[in-house]
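**Q** how would this look folded up:
(chains A and B)
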Protein chains: 2
Amino acid sequence: MEPLQVIRTSQPKSKPNEGELGFGKYFSDHMFVADYTSERGWQNARIIPYGPISLEPSAMVLHYGQEVFEGMKAYRGMNGEINLFRPEKNIQRMNMSCDRLGIPQVDPEWMLEAICKLVEIDSDWIPQRVENSLYIRPFIIATEPCLGVRAAKEYQLLIITSPVGAYYSSGMAPVSIYVEDHYVRAVRGGTGAAKTSINYASSIKAQEEAKRQGYSQVLWLDGIEQRYIEEVGSMNVFFKVDGEVITPELNGSILPGVTRDSVIAMLKHWGIPVTERKVTVEELFEAHRQGKLEEAFGTGTAAVISPIGAMKWGEQSIQITEGHIGEVSGRLYDSITGIQQGKIDDPLHWRYLIG
Amino acid sequence: MEPLQVIRTSQPKSKPNEGELGFGKYFSDHMFVADYTSERGWQNARIIPYGPISLEPSAMVLHYGQEVFEGMKAYRGMNGEINLFRPEKNIQRMNMSCDRLGIPQVDPEWMLEAICKLVEIDSDWIPQRVENSLYIRPFIIATEPCLGVRAAKEYQLLIITSPVGAYYSSGMAPVSIYVEDHYVRAVRGGTGAAKTSINYASSIKAQEEAKRQGYSQVLWLDGIEQRYIEEVGSMNVFFKVDGEVITPELNGSILPGVTRDSVIAMLKHWGIPVTERKVTVEELFEAHRQGKLEEAFGTGTAAVISPIGAMKWGEQSIQITEGHIGEVSGRLYDSITGIQQGKIDDPLHWRYLIG
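**A** As a prediction, this is how the structure comes out:
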């Protein structure tokens, strides 16, 4: 592989106020770009000043949606060091997503090196506040200019980074969710297990309708029987029932989340029973009636742990943990963010030190 | 609505050889562009020289796939006149697709005017040969630079045109298809009835595997029971069984094709029995065993009518019409293309004359 070319910006941007970062609104000074052609493979890897890209109007991504992406974060540790969190898992998943979408895979080492180099060059964009971080968004788009429906022969891999604030601007708070029984996110044989734009586009309408009804997220059921719980919003989902933590098993239509995997491993490390299996929405509401639904939470890179305080399913509404943060939810949040931020020990070796 | 601004190219391109057009490889001299913001609505409508577009790397279409498109054609008639084919149906469907994807709709009259004006300006790009045409591709993309998962607040509508050859370069010929029983294109509650990139991205892998096995298209089954026939490749599908033409009923996961609608109307006009209902793949193979499966064909803007000559389902392979073009398939092809090309009468008033 040819060496990575670096062209630094001559006009660094001023940094946004750390108290007003939000999510994905500001972008750092540089981006990584590489090109793919079927003749030459991935090539022309470069870090260049962040800015608009030029696409042919017939670029296939704009017509047939061949795209995959990833989301991860760089954290500033207690002593100024820079940590990633299990980056190899994201890269591995990106290659799985590529396979499903007919997109050429990348060399994992090359990709990790690109991420590290980009973060190093823009290290002054990693926020200082411990609860903030630098969000990293690698994505691949089909750039070949052609309107035929087939796998493209030309692609671009980009990596952009964005300083982001704490997901909960005023502290972690439980969200209310709405069990979606009309719209479907994914079905086995579809693309639900891949991280690709196409799963998100299909969810926007349902999400908007949930918001209109006063709920902040949608709970997705399976596409076949619409009974089995799959995900919540764009997160994986866990329930604590009668002392046991349960999460829907990976069935081909659920995203294999890195935070999901980490939560399962951490619970096992602690000796808390955790099971991956099918979970019906009926079962949950029945557990609630029996007073056994102790906690519910979503997991994802953006929020890490997002406690669920209320759920609506048809005409039934239930409250969980009475507006408080559940004990396991809180402990997981503190431990995983503590590891990410370098504040506590890292028993499962998840931190990846840059530089 | 403000008037349409026109900036003509000062460097017209040379036209490709009409014998080597293919599909969607060459693009004419101009394109239509309009911008949308949530404050100002659709605005800044302009026809400008065809060329690359500039997108922020964080443009939401590249991450969450909010996109819709249409496909239609302009034909040069016998006396040099220019015809569209039922353009109001495409515009109506585009607005339905917008609704499903959370994208702002367009004013149908404004859109039709934009298409007509663009085709007029590039009228010398409409091929001379009667079997060729100018393919018109309107599409809307979410351009807002933001990584939050929600409906974008900024969009761009583009219309590009491409001179295309006859779908069958050496005359209409039956294709062989493969009944897909692993991958799923769409499911009710999903986006299958919308014309959006995301339905195509999910199909590429299945299409590639069918090609590897020597089949040119995939026959899609429903996402729930994987028994009911939905579409073939990126076309709607029809079967003639024992004198009756049958097509899968629109169920929310099947694209409501303009050619599909035209085929149904034309069959009714001719007095040939046609039924929209659920069709299982078992039923078809059973009809074949009884010698009653008389014809099968796909319908779409690109091919108009695409006869199906062979089908494989698991271990079973069948031949239909013994390599010939079925009588109804051929008559439909001749009639619909005849109307499009202005060669014959237009009993159902489908031609739309430009200028």
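**Q** Find the nearest non-adjacent residue to A:Gly190, please.
**A** Among residues not flanking A:Gly190 along the chain, B:Val184 sits closest, at 5.0 Å (CB to CB, 6 or more residues apart in numbering or on different chains). Bear in mind the C-beta positions are built from the backbone N, C-alpha and C, glycine included.
**Q** Tell me how many other residues surround A:Glu282.
**A** A:Glu282 has 10 neighbouring residues, counting by other CB atoms under 10 Å in any protein chain shown.
**Q** Oh, that last question was meant for A:Ala296, not what I typed.
**A** 29.
**Q** what's near enough to touch it?
**A** A:237-240, A:284, A:307-308, A:311, A:320, A:326 (CB atoms under 8 Å, 6 or more residues apart in numbering or on different chains).
**Q** got the domain boundaries for chain A?
**A** A:5-164, A:175-340 (automatic domain parsing).
**Q** Would you map the strands across the stretch 101-250 of chain A?
**A** A:133-142, A:154-164, A:175-180, A:217-221, A:229-232, A:236-241, A:244-248 (DSSP state E, counting those that start in this stretch).
**Q** Output those strands in CSV, with distance to chain B and mean pLDDT appended to each entry.
**A** Shown next, in CSV, are those (distance: least, CB to the nearest CB, whole Å; pLDDT from 0 to 100):
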stretch, distance to chain B, mean pLDDT
strand A:133-142, 6, 98
strand A:154-164, 5, 98
strand A:175-180, 8, 93
strand A:217-221, 9, 95
strand A:229-232, 12, 96
strand A:236-241, 15, 98
strand A:244-248, 17, 98
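**Q** and those strands as CSV, adding mean neighbour count?
**A** Formatted as CSV, these follow (neighbours: other CB atoms under 10 Å in any protein chain shown):
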stretch, mean neighbour count
strand A:133-142, 25
strand A:154-164, 23
strand A:175-180, 22
strand A:217-221, 25
strand A:229-232, 25
strand A:236-241, 24
strand A:244-248, 21
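**Q** Can you tell me which of these is nearest to B:Ile264?
**A** Among those, the nearest to B:Ile264 by CB to CB is strand A:175-180 (33.0 Å).
**Q** Show me what the closest one pairs with in its sheet, parallel or antiparallel.
**A** Its sheet considered, strand A:175-180 pairs with strand A:217-221 (parallel), strand A:304-313 (parallel) by DSSP bridges.
**Q** Tell me who's in contact with A:Lys153.
**A** A:Lys153 neighbours (CB under 8 Å, 6+ apart): A:37-38, A:144.
**Q** low pLDDT regions in chain A?
**A** A:1, A:169-170 (pLDDT under 70).
**Q** Could you pull up phi and psi at the most far-flung residue of it relative to its centre?
**A** Distance to the chain centre peaks in chain A at A:Gln290, reaching 33.5 Å (criterion: CA atoms, centre = their mean). Phi and psi for A:Gln290, reported as degrees, to the nearest 10, are phi -80, psi 0.
**Q** That one and A:Ile318: what is the separation?
**A** 12 Å (CB to CB, to the nearest Å).
**Q** Close to chain B: what parts of the stretch 1-150 of chain A are there?
**A** A:22-25, A:27, A:31, A:50-58, A:61-67, A:69, A:99-102, A:135, A:137, A:139, A:141, A:145-150 (CB under 8 Å from any CB of the partner chain).
**Q** Just the buried residues out of these, in PyMOL syntax.
**A** The buried residues among the residues of the stretch 1-150 of chain A next to chain B can be selected in PyMOL (16 or more other CB atoms under 10 Å in any protein chain shown) with this line:
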select buried, chain A and resi 23+24+25+27+31+50+53+55+56+57+58+61+62+63+64+65+66+67+69+100+101+102+135+137+139+141+145+146+147+149+150
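**Q** now, which of the residues of the stretch 1-150 of chain A next to chain B lie within helices?
**A** Of these, the ones assigned to helices by DSSP state H are A:61-64, A:99-101.
**Q** Show me which of those is closest to chain B.
**A** A:Tyr64 (3.9 Å; CB to the nearest CB).
**Q** If we ignore the residues flanking it in sequence, what's nearest the closest one?
**A** B:Tyr200 (3.9 Å).
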